[in-house]
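1. below are the sequence and a predicted model; questions follow.
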Amino acid sequence: MREGSADVKAVFKRLMTTAGAAATFAGVSTAALAAESGIKEWQLGFQASVTDVMDDITWFNGFTLVIITVITLFVLALLIVCMTRFSAKKNPVPSRTSHNTMIEVVWTVAPILILVVIAIPSFRLLYKQLDIPEYEMTVKATGYQWYWGYEYTDENMGELSFDSIMVKDDERQAVADARGVTLNEVPRLLSVDYDLVIPVDTTVRVQVTSEDVIHSFAMPSFGVKVDAIPGRLNETWFHAREEGVYYGQCSELCGKDHAFMPIAIRVVSKDQFQTWSTAAQDDLDTANQQLLASIADTKKLAAAGKLEEISVAAK
């Protein structure tokens, strides 16, 4: 084959495509945490949103940021004008103006209008967070010093409950080996021994309380944050639209190990959840092993299908 021929170009294109595919799958294996939970190193901004509520929170954050930026730039421009146009050098005889009706009306009415513009979507978002829609399942989360306890309260769950405790640094590698995953998939200070397993595309009501002091159940990717108060049952909800493992933490100062009571929610397919929930009522450890094996098989099939698509496209 001579240089520049169609055959050489085709081979080069195929090699580049294959190399790209290899790099892609290598990246997936070494950064599984980022792919599943929306967390990555040196991250700025929110975690990736997987619920409608978090979509609205992200939009509202950007909306208010634009308003704040415009106000800040406007005030900065006024300061610069005042420093240059009305300096002592340019005005040796200072003005004795002490009252301007129009300016006072503007600086009174403008902030009111800005607050109204912010309040309308803010109240809408608050109502959406607090108004629990028709739900398909209920989970009770109880805060302890310093871990979380979960209870599936629906009748078909057989009173399934368990505690969820953070995986310590010196246990991460052993947990990763036992689960058959990389160390990146057992993130430091976020991974737990038992994940809260939830089916995808399901509206879940979460009842939150505490057995000792005030905690706070927070899951950034879901747009959920609610206090866990002793003697009181608070409620929130979420509807996760993507499978994966999502991480949060207690967001209320609750004692010396406050930083070490993370929340891990594993969202799986409805079929996987049905199989897991049935098995977990008899043996939770075995059910978790079977669930992880099923997830690994699903990922392998998806990776094989993707590789086949790339190979076909390269031909």
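-> Perfect, I can see it now. Because the structure is predicted, anything quoted here is derived from the model rather than measured.
2. can you pull the buried residues of the longest helix along the chain?
-> Secondary structure of the chain read by DSSP state H shows that its longest helix is helix 52-85. Across helix 52-85, burial judged by 16 or more other C-beta atoms under 10 Å covers 53-54, 56-58. The way it works is simple: take the backbone N, C-alpha and C, and place the C-beta from them, glycine included.
3. of the residues you listed, just say which sits nearest to F238.
-> For those, the closest approach to F238 (C-beta to C-beta) belongs to V53, at 6.9 Å.
4. circling back: now for the longest helix of the chain, which elements pack on it?
-> Other helices and strands packing on helix 52-85, by 3 or more C-beta pairs under 8 Å, 6 or more residues apart in numbering; DSSP states H and E, are helix 101-130.
5. centre of the chain versus stretch 138-158, how much separation?
-> Stretch 138-158 has its average C-alpha position 21 Å from the chain's average C-alpha position, going by C-alpha atoms, centre = their mean, to the nearest Å.
6. buried residues, it. List them.
-> For stretch 138-158, a neighbour-count test (16+ other C-beta under 10 Å) marks 138-150, 152, 157 as buried.
7. got the end-to-end distance for that stretch?
-> 13 Å (C-alpha to C-alpha, to the nearest Å).
8. quick one: average confidence on that stretch?
-> Confidence over stretch 138-158 (mean pLDDT, whole number) is 95.
9. show me the contact partners of that stretch.
-> Outside stretch 138-158, the residues within contact range by C-beta atoms under 8 Å, 6 or more residues apart in numbering are 137, 159-166, 194, 196, 198, 204-213, 215-217, 228, 250, 254-258, 260-261, 263, 277, 281.
10. one step back: adding pLDDT and distance to A302, write the buried residues of helix 52-85 out as JSON lines.
-> JSON lines is the format used below for those (pLDDT from 0 to 100; distance: C-beta to C-beta, whole Å):
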{"residue": "V53", "pLDDT": "96", "distance to A302": "28"}
{"residue": "M54", "pLDDT": "96", "distance to A302": "24"}
{"residue": "D56", "pLDDT": "96", "distance to A302": "30"}
{"residue": "I57", "pLDDT": "96", "distance to A302": "29"}
{"residue": "T58", "pLDDT": "95", "distance to A302": "27"}
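11. between the residues you listed, which sits nearest V181?
-> Closest approach between those and V181, by C-beta to C-beta: M54, at 25.6 Å.
12. quick check, that closest one in contact with M219.
-> No: in terms of C-beta atoms under 8 Å, M54 does not count as a neighbour of M219; the distance is 9.1 Å.
13. buried only: go through the contacts of stretch 138-158 for me.
-> Buried by 16+ other C-beta under 10 Å: 137, 160, 162, 164-166, 194, 196, 198, 204-210, 213, 215-217, 228, 250, 254, 258, 261, 263, 277, out of the contacts of stretch 138-158.
14. fine by me, thanks again.
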